[in-house]
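Undergrad: fold the stuff below for me.
(2 chains)
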Amino acid sequence: MSSKLRAENRLDEKPMDIKEQKATQFVHRLLANPALQDQSPVQKEQQIRQFLKANGNQLYPTLSSNSFFPGYTWPQIQELLVRALGGVVDQTLSTQLKAALDKIDFGFISFLREQGLPVAKAPEALMEFQKNLLAKPEARQAIAGPLVAVQTQLPSRYIDQAFRRREYIYFELVKVQRLRMSKEEIKNLILASLLLKNSIHLLTVGHSGPQTVTGVVQKQFAEKVLQSLKGQLKVLPEALLRSGVHSNISFLENPNMETTSRLAAIFAFRCQNYRPVTRVDRGAVSPDKSWFNISRRNFKFYGFDIKLLDELYKIAGENGW
Amino acid sequence: MVENAKRNPVADLLESIVTVIIVLVIIQTFLEDFAVVQGWSQQRQRILLFTGFFFDLFFTVEFLVRLYNSMTRRAAAKYLFRERGWIDFLASVPLLMLSSGPPVLAYLFAETAILGFGGILNMLKLIKAIRIARILRLLRIVKIFRSIKYADSPMAQRHMARIITISTTIIVFCFAGYSILGEAVPTVGVDSSAHAVEQHLTAKIEESDAETVRDDLGILGEYASIIRRGGETMHARYDTSYYRENFQVGDYALKRRGETEVIFDRRIIMEALAKSRAWQNLFFFGVVVLMIMVYLVFYSPHFALTVSDPIHVMYRGLSERDYNLEVKIPEPYAEDDVFRLADAYNEVFLPLKDRTQEVEAPEQSELKLDDIKDILD
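TA: Below you'll find the predicted structure:
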């Protein structure tokens, strides 16, 4: 699978002219700047876009010199740089997405009572789907948290603890959602749901879609997306697609939504600004525990399941996370 | 943490040198008394005496430079009273004048004092002054807290420095008061007993004829080390070079009666007295060091836990967009003002900040023009 995708990527590559090369080099150096080192590729992209927008007057004299883009106006230079930036970030996202998909074992599909689906084709299909979807800025923005969650395996740590405790999270996954599969397969289902969370932007146009600032959508809209998704991702089981799409709806308005969706929603938000190397100040609560407590106060705002947050908060506290 | 303003590297280097010397002087202060208790050789004790003199001179110069510098900035009062210049003063000038200076001068001019029979210095009075002034050396321990950045928080550092200054100063002044009171109240101590005996012996020698003095002194000849009458040396137990090598200030006492001058060898008495004082000094040194250690080990972490750390966390949360860590609230201190504020920060401010961040995208990039100077140059 991976080698085929790499081959396709190579076919997509076109020779760059000198201006594009210069723009790409410039963008690479901006992306490597230490001021942005803790940020995800999408966050870096946003920061650089804002930087270019805010500092045009100061940057133009240098960037219009012979060393860079002589004879270009500032809007032309900005467009060139933004395009180069998008290209570089696309490549990075593509690499990260591949790495994330490699971490997921799609074997859980066999336990979702939808027989006959080709499990081996699932990662490839998801990769292709995301490549198209990530052309939308809002979808790129929405993939940042899920990607970090999968890369850091954050959900796995919590699910391990939840299965050890056998309290609310375990009960909801096993008894309410009735997932007849092992703990490892449930973890993979949550990770795969995370990578489908941004599919909610399949039907949005620009930033004028139905979503709110928290990314929560109405169930009716989610159902429309689900229908469309079923048509595009036939190799993936409906239960997985539903779990991914429903991670964008509010639990408060949909108390019967899947536990995997509720968990995916929480973990995606948790990882949106995740800093794995953050040094915890003396006198401060650990990062995860702080985040879950703040989210407990804001659970209505984000549409989270407060009981899930309570247990995740306890797990974070018990483990010093 | 707020970054300090740009600092002068030369000033930083000088501050580092001063810090090293403060540490050395504390060790020297301890060793000077320890040497007496352990009966180290006169040569070693003399090295320590001269080292102490050098340190006193150094701190006197340091104080004068700081004072001059503050005066040029018209901030002498601020330096003396708010920046603990008074500690610098007490731990330098009086020590040079009363503690290390006189013995060094006396040593350098010892030959004149003994052999010339001038009796210029009243050694006993001098030693009493030294005994009180030496206590001020303990104040130098306080000076170290200005130089070493041992805490992250300037507030914690200032509070610790102040509480240590107050406690140490109280101990030093109590000790000094006790010593002064001890001198003021007449007691039959070793000094006064020796003085009475020496007066009596001098009178006896004055009454004796010259032959008896030369030939029949017996055991008195060991105590009455040099006897002169009418400018003529009638008895000298040792030669001049021996006195120069082995006698320090306070090791002898000069008594006069009529034409007779007697120098008594007080080394055994002085050794006992010096040991007693050295033990006393070491005790107070130990008290001050123990007190500071207790403050640093027990009080400093408590101050950090209950005051400076929660304030630091709240400050970061209030000033940095992406800093969302809560303040840890220890159960026993939950009702403290700081932690009631921290509770509001955790329960009200941070959730509100989190919601606001979701609504408002950051308007400013974290990337600044200064960050890419190397690319643009």
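Undergrad: count of neighbours near residue B:42?
TA: Burial of residue B:42, expressed as a neighbour count using other C-beta atoms under 10 Å in any protein chain shown, amounts to 15. Every residue, glycine included, has its C-beta placed from N, CA and C.
Undergrad: repeat that for the one 5 residues further on.
TA: Per other C-beta under 10 Å, the neighbour tally for residue B:47 reads 14.
Undergrad: that one sits in which helix or strand?
TA: Residue B:47 belongs to helix B:42-72 when assigned by DSSP states H and E.
Undergrad: chain center to that helix: distance?
TA: Computed by C-alpha atoms, centre = their mean, to the nearest Å, the chain-centroid distance of helix B:42-72 equals 11 Å.
Undergrad: report the buried residues of it.
TA: Taking 16 or more other C-beta atoms under 10 Å in any protein chain shown as the basis for neighbour counts, the residues of helix B:42-72 that come out buried are B:45, B:48-49, B:51-53, B:55-60, B:62-63, B:66-67, B:70.
Undergrad: and chain A, which of these contact it?
TA: When C-beta under 8 Å from any C-beta of the partner chain is taken as the criterion, no member of the buried residues of helix B:42-72 contacts chain A.
Undergrad: hmm, residue B:314 and residue B:342 touching each other?
TA: Yes: if you go by C-beta atoms under 8 Å, residue B:342 and residue B:314 touch, sitting 6.4 Å apart.
Undergrad: show me the helices in the stretch 151-300 of chain B, by range?
TA: B:154-184, B:190-207, B:210-215, B:220-223, B:240-246, B:267-294, B:300-303 (DSSP state H, counting those that start in this stretch).
Undergrad: burial of the residue in the stretch 151-300 of chain B that chain A sits nearest to, as a residue count?
TA: Closest to chain A within the stretch 151-300 of chain B is residue B:152: 8.1 Å, counting by C-beta to the nearest C-beta. Other residues near residue B:152 come to 15 when the count uses other C-beta under 10 Å.
Undergrad: and the pLDDT for it?
TA: As summarised for this prediction, residue B:152 has a pLDDT of 71.
Undergrad: show me whatever sits in contact with both of residue B:342 and residue B:314.
TA: Taking C-beta atoms under 8 Å, 6 or more residues apart in numbering or on different chains as the contact criterion, the common neighbours of residue B:342 and residue B:314 are residue B:327.
Undergrad: OK, contacts around the closest residue to chain B within the stretch 51-200 of chain A?
TA: Nearest to chain B, among the residues of the stretch 51-200 of chain A, is residue A:51, at 3.9 Å (C-beta to the nearest C-beta). Remark: with contacts taken as C-beta under 8 Å, 6+ apart, residue A:51 is in contact with A:30, B:365, B:367.
Undergrad: okay if I get the residues you listed as JSON lines plus secondary structure and distance to residue B:206?
TA: What follows is those, written out as JSON lines (DSSP: H, G, I helix; E, B strand; the rest coil; distance: C-beta to C-beta, whole Å):
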{"residue": "A:30", "secondary structure": "helix", "distance to residue B:206": "100"}
{"residue": "B:365", "secondary structure": "coil", "distance to residue B:206": "98"}
{"residue": "B:367", "secondary structure": "coil", "distance to residue B:206": "96"}
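Undergrad: just give me the closest of those to residue B:27.
TA: Proximity of the contacts of residue A:51 to residue B:27, judged by C-beta to C-beta, is greatest for residue B:367, which lies at 50.8 Å.
Undergrad: tally up the residues packed near the closest one, please.
TA: 23.
Undergrad: grab the nearest non-local neighbour of it.
TA: Leaving out its chain neighbours, the residue that sits closest to residue B:367 by C-beta to C-beta, 6 or more residues apart in numbering or on different chains is residue A:51, at 4.4 Å.
Undergrad: am I right that the one you found sits in a helix?
TA: Yes: counting by DSSP: H, G, I helix; E, B strand; the rest coil, residue A:51 falls inside a helix.
Undergrad: measure it to residue A:69 for me?
TA: Noted for residue A:51: a distance of 17 Å to residue A:69, by C-beta to C-beta, to the nearest Å.
Undergrad: quick one: contacts for the residue nearest to residue B:100 when sequence neighbours are not counted?
TA: Among residues not flanking residue B:100 along the chain, residue B:53 sits closest, at 4.0 Å (C-beta to C-beta, 6+ apart). When contacts are counted by C-beta under 8 Å, 6+ apart, residue B:53 is found next to B:96, B:100, B:101, B:104.
Undergrad: isn't the last one up against residue B:51?
TA: In other words, residue B:104. No: Residue B:104 is beyond contact range of residue B:51, at 10.7 Å (criterion: C-beta under 8 Å).
Undergrad: just the CA atoms of stretch A:283-298, as CSV, please.
TA: Output of stretch A:283-298 as CSV, limited to C-alpha atoms (Å, rounded to 0.1, in the frame of the first residue of the first chain):
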residue,chain,number,x,y,z
GLY,A,283,2.9,24.3,41.8
ALA,A,284,0.9,23.5,38.7
VAL,A,285,-1.4,20.6,38.0
SER,A,286,-0.3,18.1,35.3
PRO,A,287,-1.3,19.0,31.7
ASP,A,288,-3.9,16.3,31.1
LYS,A,289,-5.5,16.6,34.6
SER,A,290,-5.7,20.4,34.1
TRP,A,291,-7.2,20.0,30.6
PHE,A,292,-9.9,17.5,31.7
ASN,A,293,-10.9,19.6,34.7
ILE,A,294,-11.3,22.7,32.5
SER,A,295,-13.3,20.6,30.1
ARG,A,296,-15.5,19.4,33.0
ARG,A,297,-16.4,23.0,33.6
ASN,A,298,-17.0,23.6,29.8
